[in-house]
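Trainee: after the sequence you'll find the predicted model.
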Amino acid sequence: MTDPILVLGATGGQGGAVVQALQHRGATIRALVRRPASPRARALAATGVELVAGDLTDHAAVRSAMDGVGAAFAVTTPFEAGTDAEVAQGRAIIAAARDARLPHLVFSSVAGADAGTGIPHFESKNVIETELRASGLQHGVVAPTYFFDNALGARDELHAGMLRLPIAGDHWLQQLDRADLAAVAAIGLTEPGRLAGRRIEVAGDTPTPDEMARVLTEVLGREVRHVRYDLAVIGDPDMHAMWTFLAGDGYQADPAALGAEFPEITWTRFADWARRALTAQE
């Protein structure tokens, strides 16, 4: 594929990882960014990424950014303005893609979005997936599980010796490295036939909290214990619903099948990620 590939959300965690994965595959990249003068955007430009200014809800900007590209990666978020705003982002992307006659779109959703969980930010992504299927656009969906680096959100607690998660210590939690999700997305963007018409739930490892705590103890050089707290103390309805789901059947990805289908990806285990990520930050 010689046409550029558009990455929406390129200054975010997922989008930035997709940019790096595409660069490893030698792709020419265009990025839609809200603030081209921001440090993250300038860093992208310094690596040869073409920047286009615009917002995901700006149909004209997204439509213009899609001109002449061979494929596009899209990720939406409810965490800035809510789930209705996320659905609006998705609809703007789909409308722009149809107007631009985009050859191929890879949309990043979430594992379990189509399972009727009732989790608000799962349901909003399911609305986008449903409308994407109805659009007639050639597309694929990557659906990540829990990211390893979510553990870093409570870094002070880790250093205090606690891994606080509201699930049982022996209950597995499917997780993955953002770089591995990005690698799957990059394959779908540069080799559309491998992802077109498919929805792939992505996980690289299934550690339990107790196993995670043992790894963190080794990496940090201090004891880390899993502390299970009560779901009832989670005040945010979205997060309460998500952790209720994860404390039950949870995600249902198939890491073994993923490894067989995408052997070119060196799938990251939680222990490998922790050694790399946490050691680098010490």
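Mentor: Received the coordinates, thanks.
Trainee: keeping just the C-alphas, turn the longest helix belonging to the chain into CSV.
Mentor: Secondary structure of the chain per DSSP state H: the longest helix is helix 83-100. C-alpha atoms of helix 83-100 as CSV (Å, rounded to 0.1, in the frame of the first residue of the first chain):
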residue,chain,number,x,y,z
THR,A,83,-21.1,8.5,25.8
ASP,A,84,-23.4,10.6,23.7
ALA,A,85,-20.4,12.6,22.5
GLU,A,86,-18.5,9.4,21.7
VAL,A,87,-21.4,8.2,19.5
ALA,A,88,-21.4,11.6,17.8
GLN,A,89,-17.6,11.1,17.1
GLY,A,90,-18.3,7.7,15.6
ARG,A,91,-21.1,9.0,13.4
ALA,A,92,-18.9,11.9,12.2
ILE,A,93,-16.2,9.5,11.3
ILE,A,94,-18.6,7.1,9.4
ALA,A,95,-20.2,10.0,7.5
ALA,A,96,-16.9,11.4,6.5
ALA,A,97,-15.6,8.0,5.4
ARG,A,98,-18.6,7.4,3.3
ASP,A,99,-18.3,10.9,1.7
ALA,A,100,-14.6,10.3,1.0
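Trainee: in the stretch 101-250 of the chain, which spans are strands?
Mentor: Assigned by DSSP state E, counting those that start in this stretch, the strands in the stretch 101-250 of the chain fall at 105-108, 139-144, 146-147, 162-164, 175-176, 199-202, 225-227.
Trainee: which one of the ones you listed lies closest to residue 247?
Mentor: strand 146-147 (12.4 Å; Cβ to Cβ). Quick note: C-beta positions are derived from backbone N, CA and C, even for glycine.
Trainee: in its sheet, what does the closest one sit against?
Mentor: Paired neighbours of strand 146-147 in the sheet (DSSP bridges): strand 175-176 (parallel).
Trainee: of the strands of the stretch 101-250 of the chain, which is nearest residue 254?
Mentor: Per Cβ to Cβ, nearest to residue 254 of the strands of the stretch 101-250 of the chain: strand 199-202, 7.6 Å.
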